[in-house]
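Sequence and predicted structure below; questions after.
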Amino acid sequence: MDKHPRILFIDQAKDVGGAELSLISIAKSLPESEILAFVEGTFTDALEKNGINHECLNLDAEILSLSKEKANLIRIVLSFSKLIFSMLKISSVIKNFDVIVFNTQKSLILGAIAAKFQRKKTIFFLHDILSIDHFNKFNLLLINIFTANFCDVIIANSRATARAVEKLNPKKKLKIKVIHIGISQKIELKNDNKIFTKKSLGLSKNKIVGSFSRIARWKGQHILIESLEHLPKYIHCLIVGSPFFGEEAYYGYLQQIASRPILKDRVHFIPFKTDPLSLMRLCDIVTHNSTAPEPFGRIIVEGMLCKKPVIATNMGGAKEIIRNNKSGYLIEPGDPQLLARTILAIFSNKDEARSITKEAYETAVRNFSEDKMTARIKKIINNI
């Protein structure tokens with residue numbers, strides 16, 4: 001392999017999520033690389049804004065709609081001709097690069113065969129826990145085939161993510177490297193977000209508990225909202241996020257819960273923002289409420305860097321970030337009353353909370369830096 005291989009990152013997302021934020025950080029540290037996007041949206045807008053080399057294929061919407069929850073054999077067969085056409089378009093770009101890094105499952109499935117046929121080195125950056133909690137059985141079978149046969153290296157964003165893919169392929173010795181996601185430590189308030197203050201939200205006299213993630217049932221926003229029923233009325237919550245993958249019904253359910261008389265005017269919904277940190281700074285506590293194991297937990301680290309007490313569920317990647325009652329608070333999932341008790345304990349024990357928050361910040365700086373992540377990924381790419 002050349003000292004400076006030509007690197008192509010592939011990601012099919014239209015909108016910016018955690019995987020895309022990480023990819024932007026990596027690509028900025030590798031100016032000779034390029035990102036192949038499948039469709040225009042907030043992701044390509046972010047690439048443009050950050051001055052990252054990229055190309056957009058504008059693939060057919062029907063192919064992109066084969067979501068991880070809903071894809072099945074019948075839908076794929078019906079879309080077969082469009083699928084082949086999409087693969088050919090991706091193949092025509094792959095030929096110009098040495099190392100192909102797939103940043104999502106869909107990009108792996110659409111591009112891996114072409115990459116191997118052209119004898120390219122392939123890396124799969126796995127951001128999801130491959131389990132029935134997050135994928136249907138057909139998708140798991142498909143991903144199993146591709147991870148076992150078309151990946152030279154798998155980069156997992158946590159040990160929990162690595163264990164899940166190993167469990168999916170128990171008979172295959174996969175080459176897996178665990179690299180925790182790195183977060184920029186330059187927590188700056190951007191100009192377009194200065195409008196957000198406690199006063200502008202009408203919350204000057206209130207304590208605020210914030211949830212920051214896409215709206216999805218397994219993300220557990222309803223647990224935080226229901227916890228308010230067990231908390232004093234001066235405690236409000238921010239639900240920052242939007243439904244991306246057919247979770248509009250769940251979003252409506254959250255709004256229905258929030259309309260209960262005891263919760264009236266205490267739940268504040270704010271649509272997804274690529275830079276939620278100004279809102280996070282307004283919070284007194286940040287919560288991570290997932291009811292299924294989280295692959296990593298980017299928001300947890302961001303909360304730590306914002307010097308906020310963070311409560312997370314005791315599963316998945318969160319356990320690799322937080323030491324319970326040392327750098328944050330780990331609780332069992334799905335229990336609004338337990339969450340309420342933990343919130344009250346933080347407000348009641350201010351000295352302890354300050355000590356834990358200080359340790360959390362130092363942990364985030366030490367263990368989850370952007371520079372540390374990109375350096376390790378560069379090493380893998382250069383030695384593949």
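Cool, got the structure. Numbers count the residues shown, from 1 in each chain.

pretty sure residue 365 is touching residue 185, no?
Yes. Contact between residue 365 and residue 185 holds when scored by C-beta atoms under 8 Å: they sit 5.9 Å apart. In short, each C-beta sits where N, CA and C put it, glycine included.

what residues are shared contacts of these two?
Here residue 365 and residue 185 share the contacting residues residue 305, scored by C-beta atoms under 8 Å, 6 or more residues apart in numbering.

Could you break the protein into its assigned domains?
Domain assignment for the chain, taken from automatic domain parsing, gives 7-182+370-383, 191-367.

any idea how far residue 20 is from the residue nearest to residue 36 when sequence neighbours are not counted?
Using C-beta to C-beta, 6 or more residues apart in numbering and skipping residues adjacent in sequence, the residue nearest residue 36 is residue 10, 4.7 Å away. Residue 10 is 12 Å from residue 20, where distance means C-beta to C-beta, to the nearest Å.

and the two? which has more neighbours close in?
residue 10 (28 against 24; other C-beta atoms under 10 Å).

which stretches of the protein form strands?
Per DSSP state E, the chain carries strands over the ranges 7-11, 34-37, 54-56, 99-102, 121-126, 153-156, 176-178, 207-212, 235-240, 267-270, 285-288, 310-313, 329-331.

Residue 382: neighbour count?
Residue neighbour count, defined by other C-beta under 10 Å, stands at 14 for residue 382.

looking at it, it is touching residue 5, isn't it?
Yes. Between residue 382 and residue 5 there is a contact at 7.0 Å, judged by C-beta under 8 Å.

sorry, back to before: format the domains of the chain as TSV; extra columns: mean pLDDT.
What follows is these, written out as TSV (pLDDT from 0 to 100):
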stretch	mean pLDDT
domain 7-182+370-383	89
domain 191-367	93
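
Please work out how many residues are found near residue 349.
Neighbour count for residue 349, taken as other C-beta under 10 Å: 12.

swap in residue 18?
The number of residues packed near residue 18 is 19, by other C-beta under 10 Å.

first to last residue in stretch 324-342, what's the distance?
With C-alpha to C-alpha, to the nearest Å as the measure, the first residue of stretch 324-342 is 12 Å from its last.

Look up the closest residue to residue 235, ignoring the ones flanking it.
Nearest non-adjacent residue to residue 235, counting by C-beta to C-beta, 6+ apart: residue 207, 4.7 Å away.

what's near enough to touch residue 369?
Under the contact definition (C-beta under 8 Å, 6+ apart), the residues listed for residue 369 are 182, 183, 185.

Using PyMOL, define a selection of the buried residues within these.
Selecting only the buried members of the contacts of residue 369 in PyMOL, with burial defined as 16 or more other C-beta atoms under 10 Å, works like this:
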select buried, resi 182+183
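
The residue lying closest to residue 381 once chain neighbours are set aside and residue 119, how far apart?
Ranked by C-beta to C-beta, 6+ apart and with sequence neighbours excluded, the top spatial neighbour of residue 381 is residue 99, at 5.6 Å. Taking C-beta to C-beta as the measure, residue 99 and residue 119 are separated by 12 Å.

okay, the two: which has more neighbours?
Here residue 99 and residue 119 are set side by side on neighbour count (other C-beta under 10 Å), and the busier one is residue 99, at 23 against 7.

Among the contacts of residue 369, which one sits closest to residue 224?
In terms of C-beta to C-beta, no member of the contacts of residue 369 lies closer to residue 224 than residue 183, at 22.1 Å.
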